[in-house]
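*Asks:* following is a predicted model, sequence given first.
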Amino acid sequence: IVTVLGALVLRQRLGRRRLLAVLAALFGTALTLGAGGGFAGEARGVALGLTAALIYAIYTLVGGRVLVREDALACATVVMIAAAAVFIGFSAWHQPAFPHTALGWAAIAAIAVVCTVVAMLTYFIGIRQLGAADAATLSTLEPAVTIVLAAVFLDEAFAPLQALGAVIILAAVVWLMRTG
């Protein structure tokens, strides 16, 4: 979505190799998600997921423009402070369920630091160094990494088509990085 929107809206050059790499990564993502039953769901959930993907694409493209002239850490800090303010406001409206154990709070802290701060900062650095379209294509590795981690840590099985999808994603990302 980022690559297509970048080409259509921002008039970014979309070469044949980049387009093929993006299509291969999307195909691999579809195999990775679909082969495990990931496309099942209610229409509302699918609509919300697609809306989130579109918002994320716009967010990435805006980040690509801003990060050319701004520091990644400063941008990540502003985004996280804004997100915290929204969540605090939302929490005042809806009563959140906080953890009751030290392990629960440790899990929250790990998610906050590793999965939010580190992930966002490295993504912003990636956008700054690679551009929005290539950073977004690299992020298609997420479903492949997720199924591998689920297999290793949660003992979840994955289908052969999911493994094939993961290999296609990896090949697309490597090809994109090698061909520029």
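*Replies:* Cool, the structure landed. Numbers count the residues shown, from 1 in each chain.
*Asks:* so, low pLDDT: which residues of the chain?
*Replies:* For the chain, the stretches with pLDDT under 70 are 35-41, 180.
*Asks:* quick check: longest helix of it.
*Replies:* helix 43-66 (DSSP state H).
*Asks:* what comes up buried for the next helix or strand after that helix?
*Replies:* Downstream of helix 43-66, the next assigned helix or strand under DSSP states H and E is helix 72-93. By neighbour count on 16 or more other CB atoms under 10 Å, the buried set for helix 72-93 is 72, 75-76, 79. No exception for glycine: its C-beta is placed from N, CA and C like everyone else's.
*Asks:* and the longest helix of the chain, how far out from the chain's middle?
*Replies:* 10 Å (CA atoms, centre = their mean, to the nearest Å).
*Asks:* name the residues that touch it?
*Replies:* Residues outside helix 43-66 that contact it (CB atoms under 8 Å, 6 or more residues apart in numbering): 1-2, 5-6, 9-10, 41, 75, 124, 127, 131-133, 135-136.
*Asks:* what's the local residue count around Asp134?
*Replies:* 22 (other CB atoms under 10 Å).
*Asks:* burial count for the closest residue to Glu156 other than its chain neighbours?
*Replies:* Take Glu156 and drop its neighbours on the chain: the residue closest to it by CB to CB, 6 or more residues apart in numbering is Ala150, 4.2 Å away. As a burial measure, Ala150 scores 14 neighbours (other CB under 10 Å).
*Asks:* returning to that earlier point: export the buried residues of helix 72-93 to CSV and tack on distance to Val114?
*Replies:* Putting the buried residues of helix 72-93 into CSV (distance: CB to CB, whole Å) gives the following:
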residue, distance to Val114
Ala72, 17
Cys75, 19
Ala76, 14
Val79, 17
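*Asks:* of those, closest to Leu103?
*Replies:* Among those, Ala76 lies closest to Leu103 (CB to CB), at 27.5 Å.
*Asks:* elements contacting the helix or strand where Arg178 lies?
*Replies:* Under the criterion of DSSP H and E, Arg178 resides in helix 160-179. With contacts taken as 3 or more CB pairs under 8 Å, 6 or more residues apart in numbering; DSSP states H and E, helix 160-179 sits against helix 16-34, helix 132-138, helix 141-154.
*Asks:* quick one, what contacts the nearest residue to Leu33 once chain neighbours are set aside?
*Replies:* Once flanking residues are discounted, Leu33 sits nearest to Pro143: 5.7 Å by CB to CB, 6+ apart. Pro143 makes contacts with 29, 32-33, 165-166, 169, as judged by CB under 8 Å, 6+ apart.
*Asks:* okay, those in CSV with neighbour count and distance to Thr101 next?
*Replies:* Formatted as CSV, those follow (neighbours: other CB atoms under 10 Å; distance: CB to CB, whole Å):
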residue, neighbour count, distance to Thr101
Thr29, 21, 36
Thr32, 29, 33
Leu33, 16, 32
Gly165, 26, 37
Ala166, 22, 34
Ile169, 26, 37
